[in-house]
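In: below: sequence and its predicted model.
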Amino acid sequence: MPIIDQATGEQWHKDFQGFMHNARENGAEDEFSEQQAIYSKYATLYDDIIHSEHEQYLSYNFLANKINEEFPDKSIRILDFGCGTGLLGQALYNRNFRNIDGSDCNDGLIKVAEEKKIFKNVFCSRGTTGLPDARNYDLICSSGTFFLSKSHPCTEAFADLAKLLKRGGSLLILTKKDYLSKDYVDWELVRKLTRTNVLEDVSKTFVPGYRKPFDFEEDRHSMAAILHYRVV
């Protein structure tokens, strides 16, 4: 486990986790700009911080394991949406997936990801703007990005992501279970996509240990959720 000094860990917790908790519960003016500034501030320390005792965030491996189990063909074309520093991408690369692109809206995080040399292409993009033409990917996956706050990707992104997937392609998302019930998450948008045969709701899996539970959280098991949808 990486060693991050107490002062840095506490400052990160205040800067990021405290800020995001307030954004989820109360909203925050100009939240997107502020959280991106925090990501940029900690970009070079990010991997060490979230693997340290202050976060203990390892659940991207849950998603990598599920992908490894469900997709035996390691040549499939993958987009890691909201790739950050490339943690999920690295976990997939370590499981012999090699045809991986990454996208994120933060330059600092992307720079760290590019240095790992695990992605074929890396796109600096908020949402799907600037990503490859439609129906390019067999799988779009995302870990720790969806539903984190109102300005993070939510169900509004599903329709656009579905257009990037081949017919029969999959969308797999790992998030914290608690975030699924936030009032800014509109599940009616997903129900409409399933009713109109755009997406098939394949499965929802819940696993304890999303990351370390924080004092302000009621869920002491820190349940992770893995959502799987398929393009019809």
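Out: Yep, that arrived.
In: and the next element down the chain from whatever helix or strand residue 92 lives in?
Out: Taking DSSP states H and E as the definition, residue 92 sits inside helix 87-94. Sequence-wise, the next helix or strand downstream of helix 87-94 (DSSP H and E) is strand 100-104.
In: can I get that following strand in PDB, CA atoms only?
Out: C-alpha atoms of strand 100-104 as PDB (Å, rounded to 0.1, in the frame of the first residue of the first chain):
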ATOM      1  CA  ILE A 100      -8.200   0.000 -25.400                       C
ATOM      2  CA  ASP A 101      -8.900   3.700 -25.800                       C
ATOM      3  CA  GLY A 102      -9.300   6.100 -23.000                       C
ATOM      4  CA  SER A 103     -11.300   9.300 -22.600                       C
ATOM      5  CA  ASP A 104     -11.400  11.900 -19.900                       C
END
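In: and the following helix or strand past that strand, how far out from the chain middle?
Out: Per DSSP H and E, strand 100-104 leads on to helix 107-115 as the next helix or strand towards the C-terminus. Helix 107-115 sits 15 Å away from the centroid of its parent chain (CA atoms, centre = their mean, to the nearest Å).
In: who touches the next helix or strand after helix 107-115?
Out: Under the assignment DSSP H and E, the closest C-terminal helix or strand after helix 107-115 is strand 121-124. By CB atoms under 8 Å, 6 or more residues apart in numbering, the residues outside strand 121-124 that reach it are 83, 101-107, 110, 113-114, 130-132. C-beta: built from backbone N, CA, C; applies to glycine.
In: what pairs with strand 121-124, and is each one parallel or antiparallel?
Out: strand 100-104 (parallel) (DSSP bridges).
In: residue 229 touches residue 201, doesn't it?
Out: Yes. Using CB atoms under 8 Å, residue 229 is in contact with residue 201, at 6.0 Å.
In: what's the overlap in contacts for the two?
Out: residue 190.
In: looking at those two, which has the bigger crowd around it?
Out: The neighbour comparison of residue 229 against residue 201 (other CB atoms under 10 Å) goes to residue 229, with 25 against 13.
In: what does that one show for phi and psi?
Out: phi -120, psi 150 (degrees, to the nearest 10).
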